[in-house]
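Enquirer: Kindly generate the corresponding structure for this input.
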Amino acid sequence: MKNSLSGSHSTLNLTRSFLLPLALSCSLGSSVFAGTQIESVKIPGAVLKGNPLEDPVERRVAVFSPELPKGSPSPRMVYYLPGYGASSEEFFGFEGWGFQKVVQELADAGIPVRVVVVDCKNRWGGSQYLNSPAQGNYADYVLDEIIPLVEKRFGVAGDPSDRIIAGHSSGGFGALRLAMQRPAYFGAVVALSPDTDLEVTHRHMVMNDTVKHVSQRQLKAYMGPRGKMVEPSSGLIQMVLGLSAAYAPKGPEFPGEFHWPFDEQGRWDDAVWKKWLDQDPVVIARRNPKVFPPEQRIYLDGAEHDSFGAQKGARALRDAIQGQTKVEFYESPGGHSDHVGPRFARGLEWVSGRTVRPIH
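Expert: Numbers count the residues shown, from 1 in each chain. The predicted model follows:
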């Protein structure tokens with residue numbers, strides 16, 4: 001769900017406030033800190049044109065490139081998917097400082113990576129990085145637009161072993177699902193506190209009375225066209241709206257519309273919940289333990305005191321694919337959004353076959 005490099009979060013607070021202004025308000029669109037350069041690369045968003053939520057089409061990615069000695073080979077590409085409610089925009093400011101440090105530290109340790117932070121935020125807060133007629137084609141946006149454009153810009157060969165997909169929370173879910181969708185495209189996956197095993201990690205949230213008592217009239221108002229839509233008063237409702245748009249769209253003939261997990265009388269709808277589970281990485285892996293190629297490296301983690309129980313889902317996914325591919329699970333200290341920078345670095349160390357750092 002929520003993404004942060006430090007501190008804790010609440011499912012009811014989907015807005016973010018930052019202590020410092022954006023670091024990249026200059027016309028050059030780049031900055032240097034601790035040896036790492038940050039660049040802003042505009043993405044036209046061709047596949048997002050006409051999206052049913054009328055969300056912005058042209059966006060930008062934040063590219064973190066380490067300082068390397070002249071003549072060094074190109075760093076491996078790491079595509080990082082932020083958690084629910086976040087996008088690349090935060091990483092040009094306060095959130096990016098931690099990544100600048102991580103990227104340079106890894107390079108200095110002989111693990112050079114170029115990290116690309118994407119923007120797949122939508123009206124509800126997050127797209128889960130999936131294609132859906134209720135929100136737009138965000139999987140295609142990452143796979144078929146962002147990655148080719150960035151790799152052309154930076155001259156990367158594009159070999160799968162040099163391409164890693166990573167993310168935290170909802171971004172961890174997105175990393176897993178995109179890797180499942182295109183198995184030979186990525187050499188490794190780093191999923192930190194990913195949204196997985198939804199029966200354990202999400203059902204209790206969806207069963208909340210606040211969600212249960214949303215009426216069909218309210219849903220229609222929430223799904224209205226931009227400028228006429230009603231903003232949900234609850235952050236939890238807004239999150240479930242976004243997850244429903246990603247997991248349970250009504251279909252191409254009903255753009256922007258999705259099924260709600262409760263009927264008009266507030267009764268649980270098993271058929272709608274099944275649509276959610278059909279997108280669950282754990283459910284998918286239990287049906288097909290060979291969903292990841294045997295040569296791919298999958299790093300999973302979850303915090304010891306994760307408020308969503310994401311460590312349980314990550315462990316369940318490890319158990320489902322263990323023996324079929326190279327997989328590691330690590331239970332980090334703290335909460336869901338604690339120590340994300342060091343956890344990210346640890347995952348990159350593991351998929352690179354290097355000694356991994358302790359996290360305290």
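Enquirer: mind checking the end-to-end distance for stretch 287-295?
Expert: Using C-alpha to C-alpha, to the nearest Å, the end-to-end distance of stretch 287-295 comes out at 20 Å.
Enquirer: Let me see the mean pLDDT of it.
Expert: The average pLDDT within stretch 287-295 is 97.
Enquirer: Does the closest residue to residue 141 other than its chain neighbours belong to a helix, a strand or coil?
Expert: Spatial nearest neighbour of residue 141, chain neighbours left out: residue 47 (5.1 Å); criterion: C-beta to C-beta, 6 or more residues apart in numbering. Where C-beta positions appear, they are placed from N, C-alpha and C, glycine not excepted. Counting by DSSP: H, G, I helix; E, B strand; the rest coil, the backbone at residue 47 sits in helix.
Enquirer: wait, doesn't residue 47 sit right on residue 143?
Expert: No. Taking contacts as C-beta atoms under 8 Å, residue 47 lies outside contact range of residue 143: 9.5 Å.
Enquirer: just to revisit the earlier point, distance of the residue nearest to residue 141 relative to residue 345?
Expert: Separation of residue 47 from residue 345 (C-beta to C-beta, to the nearest Å): 31 Å.
Enquirer: rewinding a little: from residue 100, how far out is the residue nearest to residue 141?
Expert: Using C-beta to C-beta, residue 47 is found at 30 Å from residue 100.
Enquirer: quick one: the helices in this protein?
Expert: Assigned by DSSP state H, the helices in the chain fall at 96-108, 138-140, 147-154, 170-181, 198-201, 203-206, 209-212, 216-222, 235-247, 270-277, 281-287, 310-321, 340-351.
Enquirer: Would you mind finding the most buried of these?
Expert: A comparison of the helices of the chain by mean neighbour count, using mean count of other C-beta atoms under 10 Å, puts helix 170-181 on top with a mean of 27.
Enquirer: Now do that one and helix 340-351, the angle between them.
Expert: Relative orientation of helix 170-181 versus helix 340-351 (axes from the mean of the first three to the mean of the last three C-alpha atoms, to 10 degrees): 30 degrees.
Enquirer: Mind checking the pLDDT average for helix 170-181?
Expert: In this model, helix 170-181 has a mean pLDDT of 98.
Enquirer: likewise stretch 256-272?
Expert: The average pLDDT within stretch 256-272 is 95.
Enquirer: can you check stretch 333-349 too?
Expert: Mean per-residue pLDDT for stretch 333-349: 97.
Enquirer: Endpoint to endpoint, that stretch covers what distance?
Expert: End-to-end distance of stretch 333-349 (C-alpha to C-alpha): 18 Å.
Enquirer: now stretch 127-145
Expert: The first residue of stretch 127-145 is 16 Å away from its last residue (C-alpha to C-alpha).
Enquirer: rewinding a little: export the helices of the chain to a markdown table and tack on distance to residue 79?
Expert: Formatted as a markdown table, the helices of the chain follow (distance: least, C-beta to C-beta, whole Å):
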| stretch | distance to residue 79 |
| --- | --- |
| helix 96-108 | 13 |
| helix 138-140 | 12 |
| helix 147-154 | 7 |
| helix 170-181 | 8 |
| helix 198-201 | 24 |
| helix 203-206 | 27 |
| helix 209-212 | 32 |
| helix 216-222 | 31 |
| helix 235-247 | 19 |
| helix 270-277 | 25 |
| helix 281-287 | 17 |
| helix 310-321 | 19 |
| helix 340-351 | 12 |
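Enquirer: Tell me which of those helices lies nearest to residue 72.
Expert: Of all these, it is helix 96-108 that lies closest to residue 72, at 8.7 Å by C-beta to C-beta.
Enquirer: tell me what the closest one is packed against?
Expert: Contacts defined by 3 or more C-beta pairs under 8 Å, 6 or more residues apart in numbering; DSSP states H and E place helix 96-108 against strand 36-43, strand 59-65, strand 113-117, helix 340-351.
Enquirer: go again using 10 Å as the cut-off
Expert: Counting contacts by 3 or more C-beta pairs under 10 Å, 6 or more residues apart in numbering; DSSP states H and E, helix 96-108 is packed against strand 30-33, strand 36-43, strand 59-65, strand 76-81, strand 113-117, helix 340-351.
Enquirer: List the residues that contact residue 278.
Expert: Neighbour list for residue 278: 247, 248, 284, 287 [criterion: C-beta atoms under 10 Å, 6 or more residues apart in numbering].
Enquirer: before we move on, what about residue 315?
Expert: By C-beta under 10 Å, 6+ apart, residue 315 lies in contact with 196, 197, 282, 300, 301, 302, 329, 331.
Enquirer: what would the contacts of residue 278 look like in TSV with distance to residue 324?
Expert: Listed next are the contacts of residue 278 as TSV, based on distance: C-beta to C-beta, whole Å:
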residue	distance to residue 324
247	25
248	29
284	13
287	13
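Enquirer: Nearest to residue 293 among these?
Expert: residue 284 (14.7 Å).
Enquirer: Residues contacting stretch 352-360, please?
Expert: 76, 105-106, 109-113, 164, 187-188, 297, 299, 301, 303, 326, 328, 330, 332-334, 338-339, 341-343, 345-350.
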